[in-house]
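Peer 1: Any chance you could fold what I've pasted below:
(4 chains)
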Number of protein chains: 2
Amino acid sequence: MQLKSLRLFMAVAETGSFVTAANQLHTVQSNVTAHIKKLEDELGVQLIQRAGRVRPTSAGLALVEYAERMLTAHDEAVSLFKGQEKACGRLRIGAMETTTAVRLPPILAAYHAAQPDVDIQIKTGPTAELVELLLDGQVDCVFVAGRLEHSRYHLLKAFSEQLVLVGSTPMTTMPSSQELLTSAFLAFRQGCSYRQRIELLLASHGVNAGRIFEFGSLDAMLGCVAAGMGYTVLPRGTVEAHQHRFGIHTLELPSSIANVDTYFAAFEPETWTPALASFADTLRDAVVVDEPQLTAS
Amino acid sequence: MQLKSLRLFMAVAETGSFVTAANQLHTVQSNVTAHIKKLEDELGVQLIQRAGRVRPTSAGLALVEYAERMLTAHDEAVSLFKGQEKACGRLRIGAMETTTAVRLPPILAAYHAAQPDVDIQIKTGPTAELVELLLDGQVDCVFVAGRLEHSRYHLLKAFSEQLVLVGSTPMTTMPSSQELLTSAFLAFRQGCSYRQRIELLLASHGVNAGRIFEFGSLDAMLGCVAAGMGYTVLPRGTVEAHQHRFGIHTLELPSSIANVDTYFAAFEPETWTPALASFADTLRDAVVVDEPQLTAS
DNA sequence: CGTTACTATCTTTTTTTGAGATAGCCTGAC
DNA sequence: GTCAGGCTATCTCAAAAAAAGATAGTAACG
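Peer 2: Numbers count the residues shown, from 1 in each chain, chains lettered A, B, ... in the order given. Take a look at the predicted model:
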């Protein structure tokens, strides 16, 4: 059974004419006869009443319902990839907590305005988990800290973050090694790339990464920092966005530790759905606009 | 886009291997490659990730959902016609009020027991309307009084009915012409073949069919007869089935007027769905069992 | 009774498909 | 690091199928 045959069959059923159906679908009448005959042979039933008026038989009418389902699904699938202008379908994005909270909202808003027919799904997690999700096909693209090693990814530097040390009291200089040793550090759960920076920071001050508490959400973490539970390391933008809600203070870190690039990563563009391709476009536009501001600051 | 290609695509997506997919669908690997490549060309997207593991891309995963819908609809359509043993789908029957009330129930019960997966729909109406429904494709088969003229029908004598005169008082002989002239006759709405019998009966007694009231339902009609509103003519079996509920009495009519055959009519068997074919079988069996009883009585 | 329009059938040409063989590539083991 | 094994892409040839045209037969209409 071929979709082409079903298309012809539906045209005959609707127009009541083999010739008209042939013209509608840009072919000749003998082919319509042949296709319908083949359908009838396959199903072992006469589908079209030829004697007198040309109309679907009982069996034909029964087939119509299924043919409609098949052809509708087919048309939708095609419009998913070949629909002009407006993309549709689904876009699954993986991103870090910090990215999701601060960087993504304006981009998603712009994207949704441009492509209102796309369903957007966000999954958050640390970089390592996100990479797994992408590899596993559970998301279409991810925002991760640092370049991915695999060569078969499409990478785009999306955001440049500056990490700052976050604590509950005002800081002008780096806390002493003693202070660092006795303090707790708060980080996202295993796999968060910022966590590596914390360890790097501690190591540069000759302190072993001892007490690191893991958190699942940004709010919880900042709340605990504000409560004096310890320090954490976060992008400056993220902290600024939350600073009015928590009594927290920041300290600049040396650029070797502070600078973190967030990359947009997906497989090759040839594998992208139009929804994803359009998102990449939106992102590129947003980055171009953002970049000068970042370097200027 | 061909269903065959989608089948292969789904097999590749599920098994993660071109070779395995080829074996599953009894073909060779080069054909799988060709089909998927053609799909990818048509949609302008890479559907399968070949580098490293073979797995569907984002676009491939999006297609999977539509492919499933198409293939499911296809499978259901095929099983509609080629499903072994159990028929499925829908069976739309047209029948007269009297047939529906008395003759059909046991047959439908037997049919439903044999084919539980078939949805049964009954439309009732007078013979002329039923013929229209059948011609119009709104029902798959009908039970009508008398043979249909059109030659391209499949006919089966389903039931032999004996019409009786029904009135509110006990009768031993035919009411007088005077009585008939002053009485009303109750019949189904225009198109009911029994109505012709009433006119035939009146004509045979030299009375013009004057006052004929039309009813839409059997119950209403019998209720009015019982209330002394007038006479009607109905199959004996129908009356007997309702006699305990209404105070009505019957009189045998001359066989030339009394005998009415109810025929099962549908288009040629080649146009039948399995559900309809199975129903015809059930009906044939029921008729064979019933017939001796009818002739014996 | 003839005309017209429609479908079935036959034939030819073109296209597509299926299968086999082979080359290249990646993976995993030693 | 190298080699073997398995996997996919590509090429080729044969077979099958589809498309298009021509023709004949048939039902509807005037």
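Peer 1: Residue of chain A closest to DNA strand D, please.
Peer 2: For chain A, the residue closest to DNA strand D is A:Ser30, as judged by Cβ to the nearest atom of the strand, at 3.1 Å. (C-beta placed from N, C-alpha, C; glycine too.)
Peer 1: and that residue, how far is that from A:Val12?
Peer 2: Here A:Ser30 is placed at a distance of 13 Å from A:Val12 (Cβ to Cβ, to the nearest Å).
Peer 1: Let me know the average pLDDT across stretch A:154-166.
Peer 2: In this model, stretch A:154-166 carries a mean pLDDT of 91.
Peer 1: Pull out the buried positions in that stretch.
Peer 2: A:154, A:156, A:158-166 (16 or more other Cβ atoms under 10 Å in any protein chain shown).
Peer 1: Look at A:Ser30 and A:Val12 and report which has more neighbours.
Peer 2: Legend: neighbour count by other Cβ atoms under 10 Å in any protein chain shown for A:Ser30 and A:Val12, higher for A:Val12 (27 against 10).
Peer 1: Can you classify the more buried one as helix, strand or coil?
Peer 2: Under the three-state scheme (DSSP: H, G, I helix; E, B strand; the rest coil), A:Val12 adopts helix.
Peer 1: Count the residues that sit near the closest residue to it other than its chain neighbours.
Peer 2: Distances taken as Cβ to Cβ, 6 or more residues apart in numbering or on different chains place A:Ala21 nearest to A:Val12, at 4.4 Å, with adjacent residues excluded. A:Ala21: 25 surrounding residues under other Cβ under 10 Å.
Peer 1: again with A:Ser204
Peer 2: Neighbours around A:Ser204, by other Cβ under 10 Å: 13.
Peer 1: Going by length in residues, pull out the top strand of chain A.
Peer 2: Ranked by residue count, the top strand of chain A under DSSP state E comes out as strand A:154-167.
Peer 1: Would you mind measuring the gap between the ends of stretch A:146-155?
Peer 2: Terminal residues of stretch A:146-155 lie 10 Å apart, using Cα to Cα, to the nearest Å.
Peer 1: Check stretch A:88-99 too.
Peer 2: End-to-end for stretch A:88-99, by Cα to Cα: 24 Å.
Peer 1: near chain B at all, stretch A:258-274?
Peer 2: Yes. Stretch A:258-274 reaches chain B (Cβ under 8 Å from any Cβ of the partner chain) through A:266-268, A:270-273.
Peer 1: Among these, which one has the most neighbours?
Peer 2: For the residues of stretch A:258-274 next to chain B, the largest neighbour count, defined by other Cβ under 10 Å, is 26 neighbours, found at A:Thr273.
Peer 1: how's chain A carved up into domains?
Peer 2: Domain assignment for chain A by automatic domain parsing gives A:3-82, A:92-297.
Peer 1: Now render these as a markdown table, adding distance to B:Val287.
Peer 2: A markdown table is the format used below for the domains of chain A (distance: least, Cβ to Cβ, whole Å):
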| stretch | distance to B:Val287 |
| --- | --- |
| domain A:3-82 | 21 |
| domain A:92-297 | 57 |
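Peer 1: who wins for proximity to B:Arg147 among those?
Peer 2: Closest to B:Arg147 of the domains of chain A, according to Cβ to Cβ: domain A:3-82, at 18.6 Å.
Peer 1: The closest one - what's its average pLDDT?
Peer 2: Here the average pLDDT along domain A:3-82 is 94.
Peer 1: List the contacts of A:Ala11.
Peer 2: A:20-21, A:24-25, A:32 (Cβ atoms under 8 Å, 6 or more residues apart in numbering or on different chains).
Peer 1: Let me know the closest of the residues you listed to A:Ser79.
Peer 2: Among the contacts of A:Ala11, A:Leu25 lies closest to A:Ser79 (Cβ to Cβ), at 18.5 Å.
Peer 1: isn't the closest one right up against A:Leu8?
Peer 2: Yes. Contact criterion Cβ atoms under 8 Å: A:Leu25 and A:Leu8 qualify, at 6.1 Å.
Peer 1: Between the two, which has more neighbouring residues?
Peer 2: A:Leu8 (24 against 16).
Peer 1: Not counting residues beside it along the chain, what's closest to the more buried one?
Peer 2: A:His35 (4.7 Å).
Peer 1: Count the residues that sit near the residue of the stretch 101-250 of chain A found nearest DNA strand C.
Peer 2: Of all residues in the stretch 101-250 of chain A, A:Arg152 sits closest to DNA strand C, at 9.5 Å by Cβ to the nearest atom of the strand. For A:Arg152, the neighbour count with other Cβ under 10 Å is 11.
Peer 1: Just say helix, strand or coil for the nearest residue to A:Pro274 once chain neighbours are set aside.
Peer 2: Nearest non-adjacent residue to A:Pro274, counting by Cβ to Cβ, 6+ apart: A:Ala87, 4.0 Å away. In three-state terms, and counting by three-state DSSP, A:Ala87 is coil.
Peer 1: can I assume A:Ala87 is in contact with A:Thr273?
Peer 2: Yes. Assessed by Cβ under 8 Å, A:Ala87 is found in contact with A:Thr273 at 7.3 Å.
Peer 1: Quick check: A:Asp136 vs B:Tyr231, distance?
Peer 2: 80 Å.
Peer 1: The two - which one has more neighbours?
Peer 2: B:Tyr231 (22 against 9).
Peer 1: quick one: buried residues of the host helix or strand of the residue nearest to A:Val12?
Peer 2: A:Ala21 belongs to helix A:18-24 when elements are defined using DSSP states H and E. Going by neighbour count (16+ other Cβ under 10 Å), the buried part of helix A:18-24 is A:18, A:20-22, A:24.
Peer 1: Return the residues in contact with A:Pro274.
Peer 2: Contacts of A:Pro274 (Cβ under 8 Å, 6+ apart): A:80-81, A:83, A:87-89.
Peer 1: ok, of those, which come out buried?
Peer 2: Buried members of these, counted by 16+ other Cβ under 10 Å: A:80-81, A:87-89.
Peer 1: of all these, which comes closest to A:Ala113?
Peer 2: Nearest member of these to A:Ala113, counting by Cβ to Cβ, is A:Ala87, at 12.8 Å.
Peer 1: Just the C-alpha atoms of stretch A:118-136, please, in CSV.
Peer 2: What follows is stretch A:118-136, C-alpha atoms only, in CSV (Å, rounded to 0.1, in the frame of the first residue of the first chain):
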residue,chain,number,x,y,z
VAL,A,118,7.0,25.4,18.5
ASP,A,119,6.6,23.7,21.8
ILE,A,120,9.6,24.5,24.0
GLN,A,121,10.9,22.1,26.7
ILE,A,122,13.8,22.9,29.0
LYS,A,123,15.8,20.4,31.0
THR,A,124,18.2,21.8,33.5
GLY,A,125,21.3,20.1,34.9
PRO,A,126,25.0,20.4,35.3
THR,A,127,27.2,20.3,32.2
ALA,A,128,28.2,16.7,32.4
GLU,A,129,24.5,15.6,32.6
LEU,A,130,23.6,17.8,29.8
VAL,A,131,26.1,16.3,27.5
GLU,A,132,24.7,12.9,28.4
LEU,A,133,21.2,14.1,27.5
LEU,A,134,22.4,15.4,24.2
LEU,A,135,24.2,12.2,23.3
ASP,A,136,21.2,10.3,24.4
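Peer 1: hmm, it in reach of DNA strand C?
Peer 2: No. Stretch A:118-136 lies out of reach of DNA strand C by Cβ under 7 Å from any atom of the strand, never closer than 11.9 Å.
Peer 1: ok, residues contacting that stretch?
Peer 2: A:87-97, A:100, A:104, A:108, A:111-112, A:138-139, A:141-146, A:148, A:188-193, A:195, A:265-267, A:275, A:278.
Peer 1: State the phi and psi torsions of the residue located most distally from the centre of chain A.
Peer 2: Ranked by distance from the centre of chain A (Cα atoms, centre = their mean), the top residue is A:Gly52, with 56.8 Å. When quoted as degrees, to the nearest 10, the phi and psi of A:Gly52 stand at phi 70, psi -130.
Peer 1: What sits closest to it if chain neighbours are left out?
Peer 2: Spatial nearest neighbour of A:Gly52, excluding adjacent residues (Cβ to Cβ, 6+ apart): B:Arg152 at 7.8 Å.
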